[in-house]
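**Q** Output the structure for:
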Amino acid sequence: MLLDSRSVSRLHALIQRRNAGDHYLVDLGSRNGSFVNGRRVGLPVRLHDKDRLVFAEQELIFRNPAGTGVHPVSQEPSTRNLPTEAMQTQCLATIAVVDIRDFTPFARTVSEALLSQTIGTWFLRVGQAAERWGSWAQQYIGDAVMAVWVHRDVSFVGSDLERVLRAVCEFHRSTSDLSRTLPLPRPLRIGAGINTGLVVLGGTDYTALGEPVNAAFRLEAATKTIGLSVILGEGAFSAWNRLENGRFRRCEVDLKGYEVPITAWAISFEDLEGLVETR
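**A** Down below sits the predicted model:
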């Protein structure tokens, strides 16, 4: 959409539609900012029907009645438990959590416009890569992205994991490209935690719930202390079923909320790219 205003930047913002049907507003480092219901957008913001969007002096109303999550009223059966009923039963899935390293000190050293452009572009590229490699859904959480791959056929879990790892490698390349193209004070770095297990999928927010999800976040956090940027939980590592896995380092990691250390497998992005590119 082209807005007739000199106060609106040439590439001001974008509205991105996710596979789940929800929409996010991403500011692209605009000079005068983007606002949703009076609040300036830094991180991508999920949009709801009738949200008020402001770009400089231009005001728009976002309409998406189908995405409100409101269910039609019916006499029977009762709709009171529809959000719960929309959740699926347990399903085997792989969760990849990717987080920007040292984001808080980074945010303090750059302008608001550059910060918006950096994080907005990063979220956009990571989300596009996840979709390109078959992710069922993605969620933005602070300065992190959670992407979910659903294994519909357990006999293809190994090939599904190959796509997950290729996506994670693309996340890394996109982050490096962003560091080269934007005037950042230092290169951006990311960490990734990948875990496979039975989760509950679905609901009005197209989310994933369960212990494997929590473990993926904890595994990502563990990359900050082990010196390698990617950690696979044992379920994901076993499901990948690679013979040439000597580049991985087996480690016992203490995860917050877990009583005993768990076995995980760690690798650098460079070595992981070398493995997936030889397939």
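**Q** contacts and neighbour counts: CA atoms only from here.
**A** Will do.
**Q** Show the residue spans covered by the helices in this structure.
**A** 82-85, 103-109, 112-132, 157-181, 211-226, 234-240, 269-277 (DSSP state H).
**Q** and the longest one, what does it pack onto?
**A** In other words, helix 157-181. With contacts defined as 3 or more Cα pairs under 8 Å, 6 or more residues apart in numbering; DSSP states H and E, the packing partners of helix 157-181 are strand 87-100, helix 112-132, strand 190-202, helix 234-240, helix 269-277.
**Q** Could you tell me the least trusted of the helices of the chain?
**A** Of all the helices of the chain, mean pLDDT reaches its minimum on helix 82-85 (a mean of 39).
**Q** coming back round to it: so which of the helices and strands packed on helix 157-181 comes closest to A167?
**A** helix 112-132 (5.8 Å; Cα to Cα).
**Q** and the direction of the closest one versus that of helix 157-181, what angle?
**A** 160 degrees (axes from the mean of the first three to the mean of the last three Cα atoms, to 10 degrees).
**Q** ok, and for helix 112-132, which residues are buried?
**A** 112-131 (16 or more other Cα atoms under 10 Å).
**Q** rewinding a little: export the helices and strands packed on helix 157-181 as JSON lines, with columns for distance to R247.
**A** JSON lines is the format used below for those (distance: least, Cα to Cα, whole Å):
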{"stretch": "strand 87-100", "distance to R247": "20"}
{"stretch": "helix 112-132", "distance to R247": "24"}
{"stretch": "strand 190-202", "distance to R247": "16"}
{"stretch": "helix 234-240", "distance to R247": "12"}
{"stretch": "helix 269-277", "distance to R247": "7"}
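**Q** what about the ones you listed, which gets the closest to N37?
**A** With respect to N37, and counting by Cα to Cα, the nearest of these is helix 112-132 at 17.5 Å.
**Q** which residues touch the closest one?
**A** When contacts are defined by Cα atoms under 8 Å, 6 or more residues apart in numbering, helix 112-132 is touched by residues 19, 26-31, 33, 41-44, 107, 137-138, 140, 143, 145, 147, 167, 170-171, 174-175, 178, 182.
**Q** Mind giving me the PyMOL command for buried ones among these?
**A** Provided next is the PyMOL selection string for whichever of the contacts of helix 112-132 are buried by 16+ other Cα under 10 Å:
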select buried, resi 26+27+28+29+30+31+33+41+42+43+44+137+138+140+143+145+147+167+170+171+174+175+178
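**Q** Okay, and which of the contacts of helix 112-132 map to strands?
**A** 26-27, 137-138, 140, 145, 147 (DSSP state E).
**Q** With distance to D271 added, can I get the residues you listed in a markdown table?
**A** A markdown table is the format used below for the ones in strands among the contacts of helix 112-132 (distance: Cα to Cα, whole Å):
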| residue | distance to D271 |
| --- | --- |
| V26 | 32 |
| D27 | 34 |
| A137 | 27 |
| Q138 | 25 |
| Y140 | 27 |
| V145 | 22 |
| A147 | 22 |
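**Q** what number of residues lie near the residue nearest to A236 when sequence neighbours are not counted?
**A** Excluding the flanking residues, the one nearest A236 by Cα to Cα, 6 or more residues apart in numbering is T196, at 4.8 Å. The number of residues packed near T196 is 28, by other Cα atoms under 10 Å.
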